[in-house]
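Student: quick check, what structure comes out for this input:
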Amino acid sequence: MLRRLLTLYLIIVLFGLNAQNKYWVFLTDKSGVEFNPYEYFSPHAMQRRVRNHIPICDSTDYPLNEQYVQIISKQVDSLGFRSRWMNALVVWANDAQINRLETLPFVKNTQALEYKVLVASEKVSDARTEEIDLLIDKQTRSMGGNLFEPKQIDGKGVVIAIFDGGFPSVNTHSFFKPLFVEKRILATYDFTSGNQEVYHASSHGTMVLSNIAGVLDGKKMGLATGASFLLARTEVNSEPFSEEENWLAAVEWADKNGADIINSSLGYTHHRYFPVQMDGGSLVAKAANMAFEKGILVVNAAGNEGEDANWKYIGTPADAEHTLSIGGIDPMNDLHISFSSYGPTADGRLKPNVSALGKTVVIGRNPKPKIAYGTSFASPLVAGFAACVLQLNPNYTSKQLFEEIQKSAHLYPYYDYSHGYGIPQASYFTSRAIPSPTTFKIVEESDTIKVSLLDFMQTNLFENRYLFYKISDAKGRIRVYKVLDIYQKNVLILIPEDISKDEVLSVFYKGCYQEYSKPN
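Tutor: Residues are numbered from 1 along each chain as shown. A predicted model of the protein is given here:
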């Protein structure tokens, strides 16, 4: 019996030593590598770099040192994706092989691939024609999209890359025919299988595309109906540990092919991270930040874990500092929709940045419109909005585009960890600024803080009955935030929380924003 147990133990040990797993191998340098950016980049990619006042190329754009790659290839089972930006490559290897690789002088370090991707969609359902008509109208009008139309702003000339799980029917459905007639599908690639065929598998990407470029019975489902597209399949439900590699490959491909904006409705959370690790330190978050530095705006769904007691918070790359992370809004009340993931990041930064409707009308595998729930569909609404802003302001850098979209949101400069700065508004870019009305005043009575509401007429879409307030520290980190439903005018609202001398009370109500702090 003992001999059998020892034999079994040895088999398990030997199997573990020889088990093939996926690893990143990071290299130390790119010495001796030559690179011609004019042969590698598309003309639009070159133009984007000029617009963003950055070099046409730098060392992160150079390929890997081929001699290093060849040496590694002889010591592992097989090779995978090569990342120029990270100066790294993916290998299949066992523990013994990885240990030998780590002794090579040009290997900086190795890291196992242990990511699991979550597509940020909730559910899809049928709906009555009346509900569909109302929702289509609101998903663009809530951002003031009708104000772009007189100026013929529809994202024309802007290139949007979409990373998703597949795009079935896009190439055959009459709904998407204008994209092909006008040759606005610039490139496609399936990173899960290594070919250009993306019109299969999950219909999630088809639905996302419909919320950027779709027009149903003359009504826009998204705002960038004139944009051009790069379609990348990066996700396979049955291969949960490959998508991080695919996302990195796709973002470098999108850069090469001239993307101005990336829409990603994917998030990496369980099986790799704890919420405390959502600090922008993952490889995909670093890649998103690098894309931003190369002039690309990355728009990413915040996630749908808001009701999940085991997670609740955003994933990555939504946690990246320069990712425009999108929360979900309930179209019934213009407030946070229950499933939308919450901020902040683990290191206390604001997320989500802005929000859009988390319940939308979509077109998927078949031509019948459906109702979809998820920040997956809020994200493309904002990506389409961003394309319109860039068309209207063609000299905007990625930094300006990011910041101005935040400033355009309907709650700005108020923000919280449910709504971000609120829903972006086209009026910020198309109309002259109108001074905010004074709708309340903050008063202190016997060490009690109150908000005195003033009577005035409602004049725009978002002047509803909700009062937002928060208490934050000197660094802007929020300790508490609430939304109050106000049914009466000319009332006093008690702020029950104590405010210390180093904290700030911020209040937003019907277009008016004020701050209060205790005197020193």
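
Student: and the helices in the stretch 401-520 of the chain, which stretches?
Tutor: In the stretch 401-520 of the chain, the segments counted as helices under DSSP state H, counting those that start in this stretch are 427-430.

Student: just for it, where's the confidence low?
Tutor: Screening the stretch 401-520 of the chain residue by residue with the criterion pLDDT under 70, one finds the ranges 455-464.

Student: what segments of the stretch 101-250 of the chain are strands?
Tutor: Per DSSP state E, counting those that start in this stretch, the stretch 101-250 of the chain carries strands over the ranges 107-112, 117-119, 123-125, 159-164, 185-190, 215-216, 219-220, 228-233.

Student: tell me what angle the fifth one forms with strand 228-233.
Tutor: It refers to strand 185-190. Strand 185-190 and strand 228-233 meet at an angle of 10 degrees, taking axes from the mean of the first three to the mean of the last three Cα atoms, to 10 degrees as the criterion.

Student: hmm, who's touching strand 185-190?
Tutor: 159, 167, 170, 179, 195-199, 228-233, 250, 253, 257-258 (Cβ atoms under 8 Å, 6 or more residues apart in numbering). Where C-beta positions appear, they are placed from N, C-alpha and C, glycine not excepted.

Student: right, so of the strands of the stretch 101-250 of the chain, which gets closest to residue 332?
Tutor: Each of those was scored for nearness to residue 332 using Cβ to Cβ, and the closest is strand 123-125 (15.6 Å).

Student: output the below-cut-off pLDDT ranges for this protein.
Tutor: Low-confidence segments of the chain, defined by pLDDT under 70, span residues 1-19, 114-122, 237-242, 268-278, 455-464.

Student: kindly recompute the last result at 50.
Tutor: Residues of the chain meeting the criterion pLDDT under 50: 1-2, 4-17, 238-241, 271-272, 459-462.

Student: helices of that one, start to end?
Tutor: Counting by DSSP state H, one finds helices in the chain at the ranges 2-18, 37-40, 43-51, 66-73, 95-101, 129-141, 177-181, 204-213, 243-256, 283-293, 375-392, 398-408, 427-430.

Student: what's around residue 292, how many residues?
Tutor: Counted with other Cβ atoms under 10 Å, the neighbours of residue 292 add up to 23.

Student: that one reaches residue 298, doesn't it?
Tutor: Yes. Here residue 292 lies in contact with residue 298, judged by Cβ atoms under 8 Å, at a distance of 6.3 Å.

Student: who touches both of those two?
Tutor: Contacts common to residue 292 and residue 298, judged by Cβ under 8 Å, 6+ apart, are 322, 323.

Student: point to the residue nearest the middle of this structure.
Tutor: When the chain is reduced to its mean C-alpha position, the closest residue under Cα atoms, centre = their mean turns out to be residue 300, at 0.7 Å.

Student: that older thread, how about CSV for the helices of the chain, with distance to residue 83 added?
Tutor: Converted to CSV, these look like this (distance: least, Cβ to Cβ, whole Å):
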stretch, distance to residue 83
helix 2-18, 27
helix 37-40, 15
helix 43-51, 17
helix 66-73, 12
helix 95-101, 16
helix 129-141, 36
helix 177-181, 30
helix 204-213, 23
helix 243-256, 5
helix 283-293, 8
helix 375-392, 24
helix 398-408, 20
helix 427-430, 36
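
Student: out of those helices, which gets nearest to residue 496?
Tutor: Between the helices of the chain, helix 398-408 lies closest to residue 496; by Cβ to Cβ that is 29.5 Å.

Student: which of the strands of the stretch 101-250 of the chain sits most buried?
Tutor: Here the criterion is mean neighbour count by mean count of other Cβ atoms under 10 Å, and of these the winner is strand 159-164, at a mean of 28.

Student: got the CA positions of it in CSV?
Tutor: Presented in CSV, the C-alpha positions along strand 159-164 are these (Å, rounded to 0.1, in the frame of the first residue of the first chain):
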residue,chain,number,x,y,z
VAL,A,159,-12.0,55.2,-36.7
ILE,A,160,-13.5,53.1,-33.9
ALA,A,161,-12.1,49.7,-32.9
ILE,A,162,-14.5,47.3,-31.2
PHE,A,163,-13.1,44.4,-29.0
ASP,A,164,-15.7,41.8,-28.4
